[in-house]
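*Asks:* below is the sequence, then the predicted model.
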Amino acid sequence: MAVVPIGYLASAALLAWCTACAVAPRRSPSLAGWLSFAFGFTINELPHVGAYWLIAATALAFSEGDVSGFVGWLAFGLSGLAVAGLALCAVRSTRAASVIDRALDDGLGVGWRNALDPQTSAGLRPTFSMGLVSFLPLRARSGEVIREADIAYGDAGPSNTLDVYVHRARPADGPALVHLHGGALRTGRKNRDGLALIYPLASQGWMCVSANYRLAPTATFPDHLIDAKKVIAWVRTHGAKYGGDPSVLVVAGASSGAQLASLAALTPNDPLYQPGFESADTSVTAAVALYGLHGCAVGADEGDQHDQRRQDLEEPRRRDREAERREHPEPRGHAPRNGTRGHGTESKRLDPCLGRASAASAPPTRLGSRRTSRSRAAGRPRRA
């Protein structure tokens, strides 16, 4: 009686499904889209690991004579298709270098490397190692770097903690990096994302910070942004203790972390998003946003809550402006003072959902309308 290779078939089927999700993902906000992302993102990042597994499983199945009946050959066929798909994922990934080079040339000008000092230019040379990528793909840590973990920067428990990464020699006045993890504002943690960026920079003298922040559904927007700005304020206050130079502060992130990094960079010192620490300096030198969603990323309920919170936070300032106008009325024919509205002038503020300036006098923007957010962000008129 032929042995049915259930283990081989299960492995082949699972990896074939994950590979299909990586090769042809379903791009939609539906449940199917989320499942496609969940099954495909890891294998898309590490296709060679999946290929190793399938090759080893196939070799074992052949050595034990399991590839003989229909089930065995079915598993072998699925393995072959999966390996072909994984090879396609690997080929696609090689295009990233040229895309980044073109983007840098467009932003900095062709020949920008020639303007750098030799040491900086040498540090930017590719150090790609096929051996490390193939056999140690998750290797990120360095013996030159020490990590001080779980430092509190707020009062929300583990959600308001950060890790500091510095060189063992503790050099002084190194640039500071704040990294915010991804996870759709619902998942993720500080010691999972960005390590391949954090450790090399820390080994070169940077002071790097990776932080947790409050997550949905317990937290709603702008709680995540408020936490990100608290981290920036913490670095400006305590960075020198760890050898950092707070005057050179870069905020970075990936996915939802990139969105928060962009919003933090675009709302420096905005008291609306700094309740309780309005006077803190939350400006940054630069923002590095990797594959972030630069649009509306919250639902209708969160939009309503944010609208109400915005009104609550702005109400005291509105009352102060009205009291000032009553106490010091503007003479007719005089231009309005700063902070008041006159003919043809409006005070501007950043709309955190759309990432653009909007009139302070306009009614609160509804964050829940995805179609409206996308069309405005892209510069297209809304449909009636």
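*Replies:* Structure's in. What do you need?

*Asks:* low-confidence bits of the stretch 101-250 of the chain, can you list those?
*Replies:* 123, 125-141 (pLDDT under 70).

*Asks:* so which residues of it form strands?
*Replies:* Shown for the stretch 101-250 of the chain, the strands assigned by DSSP state E, counting those that start in this stretch span residues 145-152, 161-167, 174-180, 207-211, 244-254.

*Asks:* deepest of the ones you listed, which one?
*Replies:* Compared across the strands of the stretch 101-250 of the chain, strand 207-211 shows the largest average neighbour count, a mean of 29 (mean count of other Cβ atoms under 10 Å). Any C-beta I mention is one placed from the backbone N, CA and C, and that applies to glycine too.

*Asks:* if we can go back for a sec, dump the strands of the stretch 101-250 of the chain to JSON lines, plus distance to E64.
*Replies:* Shown next, in JSON lines, are these (distance: least, Cβ to Cβ, whole Å):
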{"stretch": "strand 145-152", "distance to E64": "45"}
{"stretch": "strand 161-167", "distance to E64": "46"}
{"stretch": "strand 174-180", "distance to E64": "46"}
{"stretch": "strand 207-211", "distance to E64": "45"}
{"stretch": "strand 244-254", "distance to E64": "42"}
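
*Asks:* closest one to R192 among those?
*Replies:* Relative to R192, the nearest member of these by Cβ to Cβ is strand 207-211, separated by 9.0 Å.

*Asks:* which residues are contacting stretch 224-232?
*Replies:* Residues from elsewhere that reach stretch 224-232, judged by Cβ atoms under 8 Å, 6 or more residues apart in numbering: 153-154, 156, 159-160, 162, 178, 180, 185, 209, 211, 213-215, 249, 251, 256, 260-261, 263-264, 267, 273-275, 277, 280, 282, 284, 352.

*Asks:* just the buried residues out of those, in PyMOL syntax.
*Replies:* Per 16 or more other Cβ atoms under 10 Å, the buried members of those correspond to this PyMOL selection:
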select buried, resi 153+154+156+159+160+162+178+180+185+209+211+213+214+215+249+251+256+260+261+263+264+267+273+274+277+280+282+284+352
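
*Asks:* okay, domains of this protein per the record?
*Replies:* Following automatic domain parsing, the chain resolves into domains at 6-92, 145-290, 345-384.

*Asks:* just the terminal-to-terminal distance for the first one.
*Replies:* This means domain 6-92. End-to-end span of domain 6-92 (Cα to Cα, to the nearest Å): 32 Å.

*Asks:* so how far is it off the chain centroid?
*Replies:* Distance, stretch centre to chain centre, for domain 6-92: 28 Å (Cα atoms, centre = their mean, to the nearest Å).

*Asks:* please shift the residue numbers so they start at 107 in all later answers.
*Replies:* I'll keep to 107 as the first residue from here, and by that count the last item is domain 112-198.

*Asks:* and that domain, average pLDDT?
*Replies:* Averaged over domain 112-198, pLDDT sits at 89.

*Asks:* next, count neighbours for A138.
*Replies:* Neighbourhood size, A138 [other Cβ atoms under 10 Å]: 10.

*Asks:* brain fart, D212
*Replies:* D212 is flanked by 9 other residues according to other Cβ under 10 Å.

*Asks:* can you pull the contacts of it?
*Replies:* Applying Cβ under 8 Å, 6+ apart, no residues qualify as near D212.
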